[in-house]
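Enquirer: Mind looking at a prediction? Sequence and model below.
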Amino acid sequence: MMTRRDYLRLMLAAGVSLTLKPGLLAARPDEALPLITRAIPASGERMPVVGLGSSATFSRVAGQGATDRLGEVLAALVEKGGRVFDTAPSYGEAERVAGELARARGLTDDMFWATKVNVAGRGGGSADPDAARAQIERSFDYAHKSPIDLIQVHNLGDVPTQLGILKDLREQGRVRYIGVTTTFPRQYQELERIMRREPLDFIGIDYAVDNRVMEERILPLAEERGIGVLVYAPFGRDRLWDRVEGRPVPDWAETFDAHSWAQFFLKFVVSHPTVTAATPATSRRQHMVDNMGAAYGALPGAEMRQRMVRHIESL
């Protein structure tokens, strides 16, 4: 059976639409089940636990101009109860295209718009404050929304300069929440230091059933400090798809309403009580619907989470 990962890879390589084999994706979310939400610690505002990211395939498809497809993905997010959309200026055309599509489809006010700022680059160094402000203003233009819900300093790029700008914008009421992000292990210690020192509303991190280092220090610290958590790469990028290729979802996953591997992986992530939302990227409506299925029904408890870990480690 073709995996979801292989489907995406083949579609992108060939540039054509493929017909899914029956049963590849789970059924549509059952709205008769309760929608799972989590409170943002800074305000108590409740958010659906599954959203949409715009890196990877979303970014590539945006660059190819396939806007109809991406519009369907955004529509599916909102139709199925989602709100959180995560993007960044560094994701190619994703931020601009998504903003235009959301406005054209009347979705802008229904979405929690989360973007980022980083003019310093991954290598660090000092950020030009004027360049950072200009990048942020472009994000306002692209989002067609003010205030923007969340802006974070991407990959801890010159946090003193860029977070300082975000603090000012939050004070002015132009940004509702601010934070910082990283998915690089070499930056985890610095992330912890910043979390202890700065008044953050959010962090954005990598976390998955096969990547649980955040459970050791970062997630407990986020709970202690009252910081919301957005999770990136909940599928381990391609790692988890490689691991489960050709294998069925275990029958016992139905006890927490997981009917596909995507839902299995996402429900593990969002069942951690400190996680506010997971934002996997996709460029296909079917996958967005499948992902949103993880935002409905039950979540695994502590013992089941350990069983999920053991199962993945056994593959």
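Expert: That came in fine, so what should we check first?

Enquirer: What is the neighbour count of residue 198?
Expert: For residue 198, the neighbour count with other CB atoms under 10 Å is 18. In short, each C-beta sits where N, CA and C put it, glycine included.

Enquirer: Go ahead and confirm it touches residue 163.
Expert: Yes. If you go by CB atoms under 8 Å, residue 198 and residue 163 touch, sitting 6.3 Å apart.

Enquirer: Give me the common contacts of the two.
Expert: Listed as contacting both residue 198 and residue 163 by CB atoms under 8 Å, 6 or more residues apart in numbering are residue 180.

Enquirer: And the pLDDT at residue 93?
Expert: On the pLDDT scale, residue 93 is placed at 96.

Enquirer: cool, and the one 3 residues further on?
Expert: With respect to pLDDT, residue 96 has a value of 97.

Enquirer: And for the one 5 residues further on?
Expert: The predicted local distance difference test score for residue 101 is 97.

Enquirer: Could you find the closest non-adjacent residue to it?
Expert: residue 71 (4.4 Å; CB to CB, 6 or more residues apart in numbering).

Enquirer: hmm, who's touching the host helix or strand of that neighbour?
Expert: When elements are defined using DSSP states H and E, residue 71 is found to belong to helix 67-79. Residues outside helix 67-79 that contact it (CB under 8 Å, 6+ apart): 51-52, 58, 61-62, 83, 85, 97-98, 100-102, 104-105, 107, 110-111, 282-285, 288-289, 292.

Enquirer: Among these, which ones are in strands?
Expert: 52, 85 (DSSP state E).

Enquirer: Residue 132 and residue 163 touch, don't they?
Expert: No. Assessed by CB under 8 Å, residue 132 is found out of contact with residue 163, at 10.1 Å.

Enquirer: start to end distance for stretch 179-194?
Expert: Taking CA to CA, to the nearest Å, the first and last residues of stretch 179-194 lie 10 Å apart.

Enquirer: Equivalent analysis for stretch 278-285, please.
Expert: 17 Å.

Enquirer: neighbouring contacts of it?
Expert: By CB under 8 Å, 6+ apart, the list of residues contacting stretch 278-285 reads 8, 11, 49-61, 66, 69-70, 72-73, 75-76, 84-86, 114, 230-235, 262, 266, 269-270, 288, 291, 294.

Enquirer: Mind checking which of these are buried?
Expert: 8, 11, 49-61, 69-70, 72-73, 75-76, 84-86, 114, 230-235, 262, 266, 269-270, 288, 291, 294 (16 or more other CB atoms under 10 Å).

Enquirer: Which positions within stretch 294-313 qualify as buried?
Expert: Those would be 294-300, 304-305, 308, 311-312, for stretch 294-313 by 16+ other CB under 10 Å.

Enquirer: which one of those residues sits closest to residue 191?
Expert: Nearest to residue 191 among the buried residues of stretch 294-313, counting by CB to CB, is residue 305 at 23.3 Å.

Enquirer: how about the strands in the stretch 151-300 of the chain?
Expert: 175-181, 202-206, 228-232, 277-278 (DSSP state E, counting those that start in this stretch).

Enquirer: and the most centrally placed residue in the chain, what pLDDT?
Expert: In the chain, the residue lying closest to the centroid (CA atoms, centre = their mean) is residue 279, at 1.8 Å. Listed pLDDT for residue 279 reads 98.

Enquirer: The residue nearest to residue 101: neighbour count?
Expert: Residue 71 has 19 nearby residues by other CB under 10 Å.

Enquirer: Look up how far residue 285 lies from it.
Expert: Going from residue 71 to residue 285 by CB to CB, to the nearest Å gives 9 Å.

Enquirer: Could you pull out the helices in the stretch 201-315 of the chain for me?
Expert: Counting by DSSP state H, counting those that start in this stretch, the segments of the stretch 201-315 of the chain that form helices are 218-225, 239-244, 261-270, 285-292, 302-314.

Enquirer: now the residue lying farthest from the centre of the chain: how far from residue 162?
Expert: In the chain, the greatest distance from the average C-alpha position (CA atoms, centre = their mean) is reached by residue 130, at 28.2 Å. From residue 130 across to residue 162, the span is 12 Å (CB to CB).
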